[in-house]
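Give me coordinates for this.
(one chain, ligands or ions: 1)
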Amino acid sequence: MGRVIFIGAGPGAADLITVRGVRRLAAADVVLFDALTDPALRELAPQARWVDVGKRGFGPAANQEAINARLVREAQAHDVVVRLKGGDPSVFGRLEEELQALQRHGIDYEIVPGVTAALAAAADSARPLTRRGSGRSVSLTTAMTQLGTLQATRSADTEVFYMAGRQLGALSRKLREAGWPAEAPACVVSRAGWPDAITSTHRVESLADAAVLHAGRPAVVTVGAGALALDRPTVTADTQATSQTTPQP
Ligand code: SAH
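Below is the predicted model:
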């Protein structure tokens, strides 16, 4: 009987996986991965058999039970099974169901965290999720309920919505219903963490404007304190003089 290592691959580009994740991958016999992960990650485990259990590999109706069963079967047959998940395994990754399946069969596991999309989006847009004085809390929220309906909330100073990219107009309306002011800042980042990431900034009332720009790309929507652009620093006479004589990189 082997063990299963859940590894957060980060939001996309292979170099955003952690050093620990790289080390564990190098020891894998089998890697079960989802569709979103970068093919370059394969180079970190050329010795392993790579199995696509995402929608492409299992068909659009890929059900979680089939993935759970596959995980158990592979762990019974191999020493080290890696379950590679986009972002962080603990954030909207159905980790609890996979852990429960392993626990039912007495299979050992380890979890290696990863960079979740909200954090990569904050980095790409240079919009810190927390702000001294105005942003004391952050909520990671899925815009999709289990039944596939859209829901929005206002439960934190900064709210980051996952899985809303296709319904930005509807999200805008739901945000208003949830009590966000029409002019509250909103920021959309698609393919965060990739070289071709796109960031756009809006107000809650005009979020629908982002739909075309981000169409077909995984996106997160940040609303509230963490979506606000930083004030530009006031340039003083002194720094102006310096910047004229210092070559820019
Ligand atoms: N476990 C993942 C989330 C999986 S849910 C994590 O921690 O990031 C899938 C949703 O994540 C997508 O609908 C999208 O909202 C978001 N997402 C995943 N990768 C992304 C990326 N590179 N840029 C922006 N959003 C991303």
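
Let me see the contact set for residue 158.
129, 130, 135, 137, 138, 139, 222, 223, 224, 225, 226, 227 (Cβ atoms under 8 Å, 6 or more residues apart in numbering). All C-beta atoms are positioned from the backbone trio N, CA, C, and that covers glycine.

mind giving me the domain split of the protein?
3-112, 117-227 (automatic domain parsing).

Beyond whichever helix or strand residue 101 is part of, next helix or strand please.
Assigned by DSSP states H and E, residue 101 belongs to helix 95-104. Using DSSP H and E, the helix or strand that follows helix 95-104 in sequence is strand 108-112.

before we move on, what SS does the residue lying closest to residue 107 once chain neighbours are set aside have?
Nearest residue to residue 107, sequence neighbours excluded (Cβ to Cβ, 6 or more residues apart in numbering): residue 75, at 4.8 Å. When classified by DSSP: H, G, I helix; E, B strand; the rest coil, residue 75 comes out as helix.

Count the neighbours of residue 75 for me.
Counted with other Cβ atoms under 10 Å, residues neighbouring residue 75 total 24.

and if you look at residue 139?
Neighbours around residue 139, by other Cβ under 10 Å: 17.

ok, it - contacts?
For residue 139, the contacting residues are 153, 155, 156, 158, 159, 160, by Cβ under 8 Å, 6+ apart.

Dihedrals phi and psi, the fourth one?
The phi and psi torsions at residue 158 (degrees, to the nearest 10) take the values phi -120, psi 130.

On the pLDDT front, check it for me.
Confidence at residue 158, expressed as pLDDT, is 98.

got it, and the first one?
For residue 153, the model assigns a pLDDT of 92.

per-residue confidence at the residue nearest to it when sequence neighbours are not counted?
Spatial nearest neighbour of residue 153, chain neighbours left out: residue 178 (5.4 Å); criterion: Cβ to Cβ, 6+ apart. pLDDT, residue 178: 96.

Mind checking the pLDDT average for stretch 98-105?
97.

Kindly report the same for stretch 47-62.
On average, stretch 47-62 scores 72.
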